[in-house]
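*Asks:* whatever this is, show me its structure:
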Amino acid sequence: MTSFLPDSFEEYDDLKALLDEAAPWFETRSIATVDLRGRRFEVLVTSIGSKDPQAPAVGFFGGIHGLERIGSRLVLEYLRSLISRLAWDDLLHQLLDSVRIYCCPIVNPGGMWLATRANPNGVDLMRNAPQDADERVPFLAGGQRVGSWLPWYRGRRGAAMETEASALLRIVDEELAHRPLSFALDCHSGYGWRDSIWFPYARTRQLMRNLPEMYVLKTMFERAHPHHGYAFEPQSHQYLLHGDLWDCAYDRAPADNVFLPLTLELGSWLWIKKNPRQLFSRQGMFNPVMQHRTARVLRRHANLFDFLTRAAFSSARWLPEGVARQQVLQSAIGHWYQNPRAPGS
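*Replies:* Residues are numbered from 1 along each chain as shown. From the prediction side, this is the model:
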């Protein structure tokens, strides 16, 4: 089987080329190494911007599921845009004086090379954190410990977390969550007719402590981009699951800080509807196959990436405090939890 697999894959080669180009401005580190059938792949994180450890930061992540290449492509295209804009964009340089940006386009390079959702050990990284859901989860899809021969395998109970999952949590702990304000955007694709932005929790229907900040962020985004088309909601509105990495990262963040993790879930049924033949391809079930549709996806979500960096830069203007924060909390509860299926939620 090894002889039929190439030495690398397109997204990894693209990332290495971009990092070579970015070397004069970006700092890059390897946070994990995956040795697989004579190949070695690194989980690479590159960053640029303010060196102040208290500066706000934004992290962009992709490729946690190896089949979902479009998520990696979104982060790669954003990185490409940053590199090209450094030559002429004074506003970008002004933003980077005050904000730190991190990009980790391929969290699961072994899975992407093998064209599997799980990592090379057969573990679904988004089910690999140790916490269990408060209520019943969907059969298999909510995370299972029967074995890696079934999808959504969490790993053995009590075992150490997988290398890639531990590396992701470590970079969040060290570079994002310790700051007074930080965002994370994790790019995925999956079944659904609509693109969604999900936030914690996935393990419980309880409220996240930063629900007011999340509500203000959502409100600002939809006012700035009123035709965005996303469903912006807690992941628990869709289903509960065990071992979500972003639930774990959020709960580990210092309570006094504002850490807002978001998951961009692209609705792959939209692509399948337009090209039903994609159903016969594992890649086609999670990624647009036609070149013009891939280009459209890469264009469509650029506003979200830029919005998050601008929101980090301008946080003093919008973060709710005091009595106003309590009022926002009540609005958020009314919007998401008393009427969770409200239009535009």
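
*Asks:* does residue 199 touch residue 214 like I think?
*Replies:* Yes: using CB atoms under 8 Å, residue 199 makes contact with residue 214 at a distance of 5.6 Å. Backbone N, C-alpha and C define where each C-beta goes, glycine included.

*Asks:* okay, and the common contacts of these two?
*Replies:* Common neighbours of residue 199 and residue 214 are listed as 208, 260 (criterion: CB atoms under 8 Å, 6 or more residues apart in numbering).

*Asks:* what residues of stretch 68-82 count as buried?
*Replies:* Buried positions in stretch 68-82, judged by neighbour count with 16 or more other CB atoms under 10 Å: 68-82.

*Asks:* and which of the residues you listed is nearest to residue 12?
*Replies:* Using CB to CB, residue 72 is the member of the buried residues of stretch 68-82 that lies nearest residue 12, at 8.9 Å.

*Asks:* wait, is the closest one part of a helix?
*Replies:* Yes: assessed with DSSP: H, G, I helix; E, B strand; the rest coil, residue 72 lies in a helix.

*Asks:* residues touching it, list them.
*Replies:* Under the criterion of CB under 8 Å, 6+ apart, the neighbours of residue 72 are 11, 62-63, 105-106, 112, 187.

*Asks:* for residue 14, same thing?
*Replies:* So, once contact is read as CB under 8 Å, 6+ apart, residue 14 ends up touching residue 76.

*Asks:* how far off centre is the helix or strand where it lies?
*Replies:* Per DSSP states H and E: residue 14 is located in helix 10-22. Its chain's C-alpha centre and that of helix 10-22 lie 19 Å apart, by CA atoms, centre = their mean, to the nearest Å.

*Asks:* next, the buried residues of that helix.
*Replies:* Here helix 10-22 shows 11-12, 14-15, 18-19, 22 as buried, counting by 16+ other CB under 10 Å.

*Asks:* how about the strands of the stretch 201-345 of the chain, start to end?
*Replies:* Counting by DSSP state E, counting those that start in this stretch, the stretch 201-345 of the chain has strands at residues 231-234, 258-267.

*Asks:* okay, now the unreliable bits of the stretch 1-150 of the chain?
*Replies:* For the stretch 1-150 of the chain, residues meeting the criterion pLDDT under 70 lie at 1-3.

*Asks:* at 80 what do you get?
*Replies:* Residue ranges of the stretch 1-150 of the chain with pLDDT under 80: 1-4.

*Asks:* nearest to residue 47, of the strands of the stretch 201-345 of the chain?
*Replies:* Closest approach to residue 47 among the strands of the stretch 201-345 of the chain (CB to CB): strand 258-267, 16.7 Å.

*Asks:* for that closest one, give the mean pLDDT please.
*Replies:* The pLDDT scores in strand 258-267 average 95.

*Asks:* so in that sheet, which strands flank it, and in what orientation?
*Replies:* strand 181-190 (parallel), strand 196-199 (antiparallel) (DSSP bridges).

*Asks:* quick one: those strands as a markdown table, columns for mean pLDDT too.
*Replies:* Converted to a markdown table, the strands paired with strand 258-267 look like this (pLDDT from 0 to 100):
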| stretch | mean pLDDT |
| --- | --- |
| strand 181-190 | 95 |
| strand 196-199 | 96 |
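
*Asks:* out of those strands, which is the most enclosed?
*Replies:* Sort the strands paired with strand 258-267 by mean neighbour count, taking mean count of other CB atoms under 10 Å, and strand 181-190 sits at the top with a mean of 23.

*Asks:* bridging residues for the residue nearest to the spatial centre of the chain?
*Replies:* Centroid-nearest residue in the chain: residue 186, 0.3 Å away (criterion: CA atoms, centre = their mean). Beta-bridge pairing for residue 186 (DSSP bridges): residue 61, residue 263.

*Asks:* quick revisit: can you pick out the most distant pair from the buried residues of stretch 68-82?
*Replies:* 68 and 82 (22.0 Å).

*Asks:* how long is stretch 94-109 end to end?
*Replies:* In stretch 94-109, first residue to last residue: 33 Å (CA to CA, to the nearest Å).
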